[in-house]
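Enquirer: need a structure here:
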Amino acid sequence: MSEALTASERIAACFGIEAARALVIRPLREATLSVVHLGHFYENGDHPVLLPPDDAFLVMLYLVDVYHSDIRPDRPPAPLKRYPKGSICLISLKDGAAISVRGHFEALVFHIPRAHLVELAEEAAEPYVDDLTTCRGIDDQVIRNLGSALMPMFDMPDEGRDTLLPHVGLAFNAHLAHRYGRSPAQRLSTTGRLSPTQEKRIKMYIAANLSGDKSIDDIAEATGFSVDELYSGFVETTGQSVLEWISACRISRAKSQLSRTGEAVARVAETCGFLDEKTFVEDFTRDVGVTPLEWRSRNRH
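Expert: Numbers count the residues shown, from 1 in each chain. So this is what the prediction gives:
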């Protein structure tokens, strides 16, 4: 517990904040996840934030529009960039990190030791990943929703909060591994097929990133395969190409959203990863035999 609290205090100090509200979560075994609610107004120009090297990852969920720039050793500072409210940054702290913040800053900051990735594989039977992909300023609805669920818990009595926190922490870590996890280098079996764990990892990564613009190269890199081995191993194992499986997965998710929600067709197309509404309607009608609106009218729950 004290280790995680020290991590929270250290993060706050890096941002020049003397005291910040923090949550300490132990989702599985020993590894602790720290969540810090940071808020400050930097009124005297740019404020440097220097994060020391650490065997951990950092996720910042911005609660307001935030402006900061990267500080790189032996280079001029990067241009100031706006990070919209609700977006996230995910970075590795392996070599430390440095930014310069300007103006109003408010965020939930998640400190995730690498040990969480090991525990997910050992305790929760998740495919093993050994790294997370760096991303900056992206929209992640799952993390945004989990952040909203965590905010009231800062003021919740310990008894109720301690019951809920492990479930939220596990969901958070599993989502990070599914969407941003990178597997160690993989090889196909002598039969040219994927192992059950490899197949699960590839499908989970694709499903977690359907709304994004992930190429075959991205999928191969994240799951530890060369592009050629990913192509051949997936076909040999599933009887479908990767692109065919992605298309089927998108149609399946679209059916679910159409039947369960009243979201506009354009929004369903966006969240399921289609290029645009027109492409979605054409692909859906070709594969299902009716338009998305016709499907909804027949299958609305």
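Enquirer: just checking, which helix or strand of the chain averages the lowest pLDDT?
Expert: Ranked by mean pLDDT, DSSP states H and E, the helix or strand of the chain with the weakest confidence is helix 2-14, at a mean of 77.
Enquirer: and the next helix or strand after it, what does it pack against?
Expert: Following helix 2-14 in sequence order, the next helix or strand is strand 21-25 (DSSP states H and E). In terms of contacts (3 or more CB pairs under 8 Å, 6 or more residues apart in numbering; DSSP states H and E), strand 21-25 is packed against helix 2-14, strand 33-51, helix 158-180. Every C-beta, even on glycine, is put in place using the N, C-alpha and C of the backbone.
Enquirer: send the alpha carbons of strand 21-25 over as PDB?
Expert: Backbone C-alpha positions of strand 21-25 (Å, rounded to 0.1, in the frame of the first residue of the first chain) are rendered in PDB as follows:
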ATOM      1  CA  ARG A  21      -6.500  12.800  -4.100                       C
ATOM      2  CA  ALA A  22      -5.400   9.200  -4.800                       C
ATOM      3  CA  LEU A  23      -6.900   5.800  -5.100                       C
ATOM      4  CA  VAL A  24      -4.900   2.600  -4.600                       C
ATOM      5  CA  ILE A  25      -6.100  -0.500  -6.400                       C
END
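Enquirer: for that strand, what is the distance to the chain centroid?
Expert: 20 Å (CA atoms, centre = their mean, to the nearest Å).
Enquirer: please apply the same query to stretch 180-189.
Expert: From the chain centre to the centre of stretch 180-189 is a distance of 18 Å (CA atoms, centre = their mean).
Enquirer: now it: buried residues?
Expert: 180-183, 186, 188 (16 or more other CB atoms under 10 Å).
Enquirer: picking that back up, please name whichever of the helices and strands packed on strand 21-25 is nearest to residue 277.
Expert: Among the helices and strands packed on strand 21-25, helix 158-180 comes nearest to residue 277, with 24.3 Å by CB to CB.
Enquirer: flag the shaky bits of the chain, pLDDT-wise.
Expert: Along the chain, the model assigns pLDDT under 70 to residues 1-5, 301.
Enquirer: swap in 90 and give it another go.
Expert: Along the chain, segments meeting pLDDT under 90 span 1-7, 18-19, 43-46, 72-79, 123-128, 157-160, 162, 211-214, 261-262, 299-301.
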